[in-house]
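got a predicted model here, sequence first, then my questions.
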Amino acid sequence: MENYYFSRVNLPLRHTVFQRNCYLPFFCFLFAACGNPGKPAESRKGIDLLALTDRMSVINRAQMLHYADSIFAAQKNKSPYLKAGRLMAYSNYYDLNNVFKRSILYTDSAINIIDRQNLSDSAWARYYFAAHIKKANVFFKTGDYPRAIEGYLKIKELADNPDNKCGIGVKLYNNIGLILFRQQKYEVAKHYFKEALGILDSCSVTLNIANKVALKQELLDNIGESFINQGNIDSALVYYKSALHVIKSGRFSADPIQDKISRLVSKGVVLSNIAQIFVKKNKLDSAELYFKENIAINAVAYKNEIKNAQQSQLYLADLYNLKKEYPKMKVVLAGLRKGLDTIQNNEVELGWRKLMAEYDSKNNLPREELNDYKRYVSLKDSLDRLKTTINQSDFNTELDAKKQQINYVVLQKDNELSHLYLWITISLSIMALAIIVLIYYYYRRGKRNIQTLTLLNSEMSEQKDKLEFATVELEKSNRDKARILRVVAHDLRDPIGGAVTLVSTVINDDLSEAYEKQNLNLIEKTLMNSLTLINSLVELDLGGEHLQLDKNRADINETIKNCIGLMQLIAEKKGQRLLFAALPKTLNIHIDKEQVGRMVNNLIGNAIKFSPAGETIYIELEQKIKTVMISVKDNGIGIPRDMQNELFNTLGGTRRMGTAGEKSFGLGLSICKQIVEAHNGKIWVKSEPGKGTIFYVELSDDNADLK
């Protein structure tokens, strides 16, 4: 039944979407200034005649031009914005009344004004879009698709701008979808409609609410018609119902009259589409009611969507044909004929002729049937040729071709400019060549002089840097040596003075043998301390040069055992023990055995000096990856944190007396650091006052032999 219905009328559903969108109020979707005609809409450019007359196209189309002329005449300042708005109002009027040639003439006149303006201004950008899309739409209606595509391409770049997506972009995508719909490319058309709907849903802030409602119901209806032409009735019905919900719950205009008319007109269109679904489902009575409601709204009450109402009349007549209610069919066809005589509609005219032929056949009127059928076939052949031309035009391909054509023109202009620039460059190059030759000659002479001066300056700068560095180092060395001399003078004065006094006493006084022995012991101790200080100064690298090492393979276990054997005698004087945790196997590493031994002796000597009598001192060896670590641990007096930073500095001021009054010169740890660093090793300390001290030494040796 459903195929029978639509094949009988020979008017596919695809035509309804295009004709409806051409006659719904167009520019109110772009301009928010659709207000009361008694109060002209003002913008920062002046009165917006296009927006005002667009409202008149809804509520009183016949008065559009009179209204535009009266407002134009009342203005003293005939600004370009006012003139362009008046021309676009005329273009819109003639388009709505199917006088397309005059519509194009007025549109071109408006474009001539608009194209000379600053299009970065939002008001002129809207007019630019309105004019070019109007022209493209008229070309589309008249079947001139190449020029329609050219018009859409002009505004596509403007529409793709993020600032224009919500207004211009949505409308452009919708119009592209309409072209593809007309070409029966429903899937691609549906993609453009949904793309526009997606953009629209993201424009809640930037787009006027009334504009959004009108656009949304239109897009939902267009998607529904795409589905129904693909045979997906259920999906189409879902989108039609969504469109009705938007129409019912939304607001088309702040003007109550315009809102009421726009709401009813849009509702009638959607009801007509739903009625066609009811016919497909054989719900003929429901379809009849919906067709009649659309006819009452758009053919009787307001006449804004007269072509859509004509289609509904045609569908209603065919519905009566299906129900065999021929008198009703005749009445509807007669009313439709009157409308077609006033407003031409070729698609509906074709269906009317076919239905008249069928009516004549069912009512036994053979002569009339023959005449109507001949007229039907003649018009059908003409329209079929036009449809073939339409369907052969691939919009996307032509759009791409037009882009390539524009790019080609741009490239040609770039090429012409390039040639011009090339000749200019050649001329300038010839002029410059002579100058360059002269410059080169003097440049070579100057360059040789500059190179000579640069070399001299570089040498002077290098000598200056070396001299400054040597001066700094010399000053530092002098300061260190002066300080050492003061320390040595201070530390040697007391013991030598004391020794002199004791010797004088022994020589001059008549003392007992025991007292003489005691004085000699004191002299020995004093001289030993002085000797120790002198030896430390000899070992200390005051010049900042690296120690000269004599490295050989040596067993680290044996080296430390020798040190412990030597230091054990000193430890025993204080009743202390030295415990050594050696490696389980012999480990030969590349070291200066004497220097490492001196370093270990210093660390053990410090542990003995600053540990109480009777304590145990622990020396441990630990092998790691490519290194060996030596640790010396005591339970002595510990080192305060503020002294730890100065421990390894030469004359760092960290000298303290040992637990048995042993003298300290503060040089031993500095010597240890120099020895360790000469072996590319590291030395550090962990200590807390009263809790003892651990010194760690890590020596590197990539070629250690473990036996």
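Yes, it's here. Here the structure is a predicted model, which means the values were calculated and not measured. Residues are numbered from 1 along each chain as shown.

could you list the domains of this protein?
31-139, 409-539, 552-706 (automatic domain parsing).

hmm, residue 225 and residue 235 touching each other?
No. Shown here, residue 235 and residue 225 do not form a contact pair, counting by C-beta atoms under 8 Å, at 11.1 Å. (Glycine included, C-beta is placed from N, CA and C.)

give me the more crowded residue out of those two.
More crowded of residue 235 and residue 225, by other C-beta atoms under 10 Å: residue 225, with 27 against 16.

any idea how far the host helix or strand of the more buried one is from the middle of the chain?
If you go by DSSP states H and E, residue 225 is part of helix 209-229. Taking the mean of its C-alpha atoms, helix 209-229 sits 33 Å from the chain's own mean (C-alpha atoms, centre = their mean, to the nearest Å).

likewise for stretch 308-318?
Offset of stretch 308-318 from its chain centre (C-alpha atoms, centre = their mean): 53 Å.

ditto for stretch 368-384
Relative to its chain's centre, stretch 368-384 lies at 61 Å (C-alpha atoms, centre = their mean).

what residues sit buried inside that stretch?
For stretch 368-384, burial by neighbour count (16 or more other C-beta atoms under 10 Å) applies to 369, 372-373, 375-376, 379.

would you mind writing the CA trace of that stretch as CSV?
What follows is stretch 368-384, C-alpha atoms only, in CSV (Å, rounded to 0.1, in the frame of the first residue of the first chain):
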residue,chain,number,x,y,z
GLU,A,368,-10.7,14.3,-20.5
GLU,A,369,-8.5,11.4,-19.3
LEU,A,370,-6.6,11.4,-22.5
ASN,A,371,-6.0,15.1,-22.5
ASP,A,372,-4.9,15.2,-18.8
TYR,A,373,-2.6,12.2,-19.4
LYS,A,374,-0.9,13.8,-22.4
ARG,A,375,-0.4,17.0,-20.4
TYR,A,376,1.0,14.8,-17.5
VAL,A,377,3.5,13.0,-19.8
SER,A,378,4.7,16.2,-21.4
LEU,A,379,5.5,17.9,-18.1
LYS,A,380,7.0,14.7,-16.7
ASP,A,381,9.5,14.4,-19.6
SER,A,382,10.5,18.0,-19.0
LEU,A,383,11.0,17.5,-15.2
ASP,A,384,12.8,14.2,-15.7
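
OK, contacts around residue 356?
Neighbouring residues of residue 356 by C-beta atoms under 8 Å, 6 or more residues apart in numbering: 333, 368, 372.

secondary structure class of it, three-state.
helix (DSSP: H, G, I helix; E, B strand; the rest coil).

could you check how far it is from residue 337?
9 Å (C-beta to C-beta, to the nearest Å).

also residue 383?
Taking C-beta to C-beta, one finds residue 383 at 19 Å from residue 337.

and residue 191, what is it in contact with?
Applying C-beta under 8 Å, 6+ apart to residue 191 gives the contacts residue 177.

which strand or helix spans it?
Assessed by DSSP H and E, residue 191 sits inside helix 186-201.

taking helix 209-229 as reference, get the angle to that helix.
Going by axes from the mean of the first three to the mean of the last three C-alpha atoms, to 10 degrees, helix 186-201 is angled at 160 degrees with respect to helix 209-229.

now helix 186-201: average pLDDT?
The pLDDT scores in helix 186-201 average 88.

that one: how far from the chain's middle?
Relative to its chain's centre, helix 186-201 lies at 26 Å (C-alpha atoms, centre = their mean).

list the buried ones in it?
Of all the residues in helix 186-201, those buried under the rule 16+ other C-beta under 10 Å are 186, 188-197, 199-200.

redo these as a markdown table? Include distance to residue 324.
Output for the buried residues of helix 186-201, formatted as a markdown table (distance: C-beta to C-beta, whole Å):
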| residue | distance to residue 324 |
| --- | --- |
| 186 | 33 |
| 188 | 40 |
| 189 | 37 |
| 190 | 37 |
| 191 | 42 |
| 192 | 42 |
| 193 | 38 |
| 194 | 41 |
| 195 | 45 |
| 196 | 43 |
| 197 | 42 |
| 199 | 48 |
| 200 | 45 |
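
now name the helix or strand holding the closest residue to residue 228 other than its chain neighbours.
Using C-beta to C-beta, 6 or more residues apart in numbering and skipping the chain neighbours, the partner closest in space to residue 228 is residue 236 (3.9 Å). Following DSSP H and E, the helix or strand that holds residue 236 is helix 233-249.

what's the first helix or strand after that helix?
For helix 233-249, the succeeding helix or strand toward the C-terminus, using DSSP H and E, is helix 256-280.

what angle separates that next one from helix 233-249?
On the basis of the same axes, to 10 degrees, helix 256-280 is oriented at 160 degrees to helix 233-249.

next SSE after helix 256-280?
Following helix 256-280 in sequence, per DSSP H and E, is helix 284-295.

output the contacting helices and strands for the very next helix or strand once past that following helix.
Once the chain leaves helix 284-295, the next helix or strand it forms, by DSSP H and E, is helix 306-322. Packing partners of helix 306-322 (3 or more C-beta pairs under 8 Å, 6 or more residues apart in numbering; DSSP states H and E): helix 2-9, helix 14-23, helix 256-280, helix 284-295, helix 326-342, helix 346-362.

what comes up buried for the longest one?
Burial within helix 256-280, assessed by neighbour count using 16+ other C-beta under 10 Å, is assigned to 258-259, 261-280.

okay, the angle between that helix and helix 306-322?
30 degrees.

name the helices or strands packed onto helix 256-280?
The contact analysis (3+ C-beta pairs under 8 Å, 6+ apart) places helix 256-280 against helix 2-9, helix 14-23, helix 49-59, helix 209-229, helix 233-249, helix 284-295, helix 306-322.

if you set the cut-off to 6 Å instead, what comes out?
helix 49-59, helix 233-249, helix 284-295 (3 or more C-beta pairs under 6 Å, 6 or more residues apart in numbering; DSSP states H and E).

can you convert these into JSON lines and add a column each for distance to residue 597?
Output for the helices and strands packed on helix 256-280, formatted as JSON lines (distance: least, C-beta to C-beta, whole Å):
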{"stretch": "helix 49-59", "distance to residue 597": "103"}
{"stretch": "helix 233-249", "distance to residue 597": "96"}
{"stretch": "helix 284-295", "distance to residue 597": "112"}
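
of all these, which one is nearest residue 553?
helix 233-249 (90.3 Å; C-beta to C-beta).

if you average pLDDT over the closest one, what comes out?
Per-region confidence: helix 233-249 scores 89 on mean pLDDT.

helices or strands next to that helix in the packing?
Right, helix 233-249 is packed against helix 209-229, helix 256-280 by 3+ C-beta pairs under 6 Å, 6+ apart.

tell me which residues of that helix come out buried.
233, 235-237, 239-240, 242-244, 246-247.

over to stretch 219-226?
219-226.

which residues sit against that stretch?
Stretch 219-226 has contacts (C-beta atoms under 6 Å, 6 or more residues apart in numbering) with 13, 17, 186, 189-190, 193, 196-197, 236, 239-240, 242-243, 270.

let me have those residues in CSV, extended by distance to residue 478.
Converted to CSV, these look like this (distance: C-beta to C-beta, whole Å):
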residue, distance to residue 478
13, 106
17, 100
186, 98
189, 94
190, 93
193, 91
196, 87
197, 88
236, 101
239, 97
240, 102
242, 95
243, 98
270, 103
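
closest to residue 122 among those?
For the contacts of stretch 219-226, the residue nearest residue 122 by C-beta to C-beta is residue 196; the value is 20.5 Å.

got the contact list for the closest one?
170, 173-174, 219.

and the furthest pair within these?
Across the contacts of residue 196, the two lying at the largest distance from each other (C-beta to C-beta) are 173 and 219, at 9.0 Å.

from residue 642, how far out is residue 686?
From residue 686 over to residue 642 the distance is 15 Å, taken as C-beta to C-beta.

can you tell which of the helices and strands packed on helix 233-249 is closest to residue 690?
helix 209-229 (81.9 Å).

ok, which stretches of the stretch 51-200 of the chain are helices?
Using DSSP state H, counting those that start in this stretch, the helices assigned to the stretch 51-200 of the chain run over residues 64-74, 80-96, 100-114, 122-141, 145-160, 170-182, 186-201.
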